[in-house]
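> Got a sequence here, can you model it:
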Amino acid sequence: MNPLAGAPNPPRFLPALQRAVPALIGLVVIASLGVVAMRIGRSNLHTAENDRLQVRVETVEVLSLNMTDQMDPAVSQEIVRATPFAPDGGELNEAFLQQFHNPETAATTALVSADGEPLASLPPGQGIDPEDLAGAWQVATGGTPVLSDVFAHRGVPSVATLIPVSDGPAWALVVLIQPAVDTAGQSFHEQTGSMNGESGGLMLLDRSGVAMNAWSRDRIGEEAVDPRRLADLPEGEAITWTEQRDGSEVTLIGTGLANGYSLVFEQATGLLFGDLRSAQRLQTFVLLSVVGAALSALITFQLARERSAQRAQARVHALMKNSQDLVLAAADDATLTFVSPAIEGLLGHTVESWDRRPLADLCGPDEAERIRRLLADPSTGPLLNVALLAISGESRWFDIEASDLRRHAEVRGVLLTCHEVGERKDLQDRLTRLATHDALTDLPNRALFREEMAKLETRIQRNEAVAVLCLDLDHFKAINDTL
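All right, here's what the predicted structure looks like:
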């Protein structure tokens, strides 16, 4: 097996990969900038959502303070106690009720005894069932003014303010019943809304979580929030939480009032932050489009650049392959770092089989020593008639010139240009033989005899034994002259 035939092949993709390094770096940079921009966008969205949420928290806290003062039943307690109501006051009691009755806001104003008997009412004849007022009746008859939970009065969701007419256990109560709809409070809730034009808004809830006023009239008289959740709300400080309703997340912000009621803001989370998230999605889409366009342009540019490099490489490869000069590059350790494609036509080897192989493998020992000295000092060249081994094992003759490019960053070695001189060497050999041999008999002639005799004289001078044999052929001249 020919020892020159086999060698490991280098990766063919390496040059293309090296050319692609700048583009790859560009891709990484662009992608990194895109990721950073998206993270900044998400951070900005988070900040914007927190800011919007904080605005609603502050709104709930401020409104809760105002509503606590407006809905405090103790505000009217001193006036009620100063009014001379009497168990047998009759029409006089009814006259006294006029100062507490506002037909625009109150459905019924009544003076009711502690056992539930009506003593006077406006409009006249309006009765009140203490069972409708549940626990509020017990609190008020004990001497404490109180606001009832929402209940149905004449089929309309309403709330009652119960004020005892005396200190301590009351003998009677002034009851002010106000409908939940068509009031200034309900109008305020509807007009305030969600503060972003979407469904949602404020709700004033009783102790059972039933809405007295709400951003939507459909919510009035219905349980809007679990009363167990309301029981944990502090007074004057808004708390934020979320709930799942019908598969969607709802954000709620609530605080407790001094009278036991709660003020709660509710809105679907998707609607609360919808415009912010839509803007962020649009920003992300634009960013991804720009990044995608940049990446596409960079990839297109690199592909065009690679195609151009491959065409140029193919052209150079074709030129060098069909050249009669073999170009080699050798490192300091005499290993080959570059072999031109001409080696295929000149010596039959493949380019890949000679990558990183010793230059000495391409020639015999004597020639390897000559080349080694040339690599050590390229200025001593050129070398004439150097025999390089073909893949078949035969020798091909070259003249080798050397250029020292060890300081060149792209080469870092000695460049060897091998000129094929096989025809010239054959001619030289033929001329030399003609000069030293007879053309007819191909026997050594007198010139070669003298040359050999000169060599023998050297041996004789060294006292070596030498013998010369002379043969004389008779009549050879006559024969030779006839040929």
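
> Okay, now the unreliable bits of the stretch 201-350 of the chain?
By pLDDT under 70, the low-scoring segments of the stretch 201-350 of the chain are 317, 319-322.

> And the helices in it?
227-230, 269-272, 274-321, 342-347 (DSSP state H, counting those that start in this stretch).

> any chance of these in CSV, with mean neighbour count and distance to residue 181 too?
C-betas here are computed from N, CA, C, even on glycine. Shown next, in CSV, are those (neighbours: other CB atoms under 10 Å; distance: least, CB to CB, whole Å):
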stretch, mean neighbour count, distance to residue 181
helix 227-230, 15, 22
helix 269-272, 18, 24
helix 274-321, 13, 29
helix 342-347, 20, 98
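
> closest to residue 19 out of the ones you listed?
helix 274-321 (5.7 Å; CB to CB).

> what separates that closest one from the chain centre, distance-wise?
Relative to the mean C-alpha coordinate of its chain, helix 274-321 is positioned 17 Å out (CA atoms, centre = their mean, to the nearest Å).

> same check, this time on stretch 461-470
92 Å.

> tell me the mean pLDDT over that stretch?
Across stretch 461-470, pLDDT averages out at 78.

> Send me it as PDB with only the CA atoms.
C-alpha atoms of stretch 461-470 as PDB (Å, rounded to 0.1, in the frame of the first residue of the first chain):
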ATOM      1  CA  GLN A 461      46.300   8.600  -4.200                       C
ATOM      2  CA  ARG A 462      44.500   7.000  -1.200                       C
ATOM      3  CA  ASN A 463      46.500   3.800  -1.800                       C
ATOM      4  CA  GLU A 464      43.400   1.900  -2.800                       C
ATOM      5  CA  ALA A 465      43.700  -1.100  -5.100                       C
ATOM      6  CA  VAL A 466      42.600  -0.300  -8.600                       C
ATOM      7  CA  ALA A 467      42.500  -2.400 -11.800                       C
ATOM      8  CA  VAL A 468      41.900  -1.500 -15.400                       C
ATOM      9  CA  LEU A 469      40.900  -4.100 -18.000                       C
ATOM     10  CA  CYS A 470      41.600  -3.400 -21.700                       C
END
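
> can you list contacts of that stretch?
Outside stretch 461-470, the residues that touch it by CB atoms under 8 Å, 6 or more residues apart in numbering are 453, 456, 459, 460.

> Which of those sits closest to residue 125?
Residue 125 lies nearest to residue 459 out of the contacts of stretch 461-470, by CB to CB, at 161.8 Å.

> Please render the helices of the stretch 201-350 of the chain as JSON lines that adds distance to residue 213 to the earlier fields.
Shown next, in JSON lines, are those (distance: least, CB to CB, whole Å):
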{"stretch": "helix 227-230", "distance to residue 213": "15"}
{"stretch": "helix 269-272", "distance to residue 213": "20"}
{"stretch": "helix 274-321", "distance to residue 213": "25"}
{"stretch": "helix 342-347", "distance to residue 213": "94"}
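
> how about those, which one is nearest residue 435?
So among those, helix 342-347 is nearest, using CB to CB, at 29.3 Å.

> For residue 114, give its distance to residue 172.
6 Å (CB to CB, to the nearest Å).

> Just name the closest of the contacts of stretch 461-470 to residue 268, please.
residue 459 (116.0 Å).

> Now do the SS call for residue 469.
Classification of residue 469 using DSSP: H, G, I helix; E, B strand; the rest coil returns coil.

> all strands of the stretch 101-250 of the chain, in order?
Secondary structure of the stretch 101-250 of the chain (DSSP state E, counting those that start in this stretch): strands located at 108-113, 118-122, 146-147, 151-153, 156-164, 172-179, 201-205, 211-214, 239-245, 248-256.

> returning to that earlier point: which of residue 114 and residue 172 has more residues huddled nearby?
Between residue 114 and residue 172, residue 172 has the larger neighbour count (other CB atoms under 10 Å), namely 25 against 17.

> Might you report the residue contacts of the more buried one?
Residue 172 neighbours (CB under 8 Å, 6+ apart): 85, 87, 111, 112, 113, 114, 119, 164, 165, 166.
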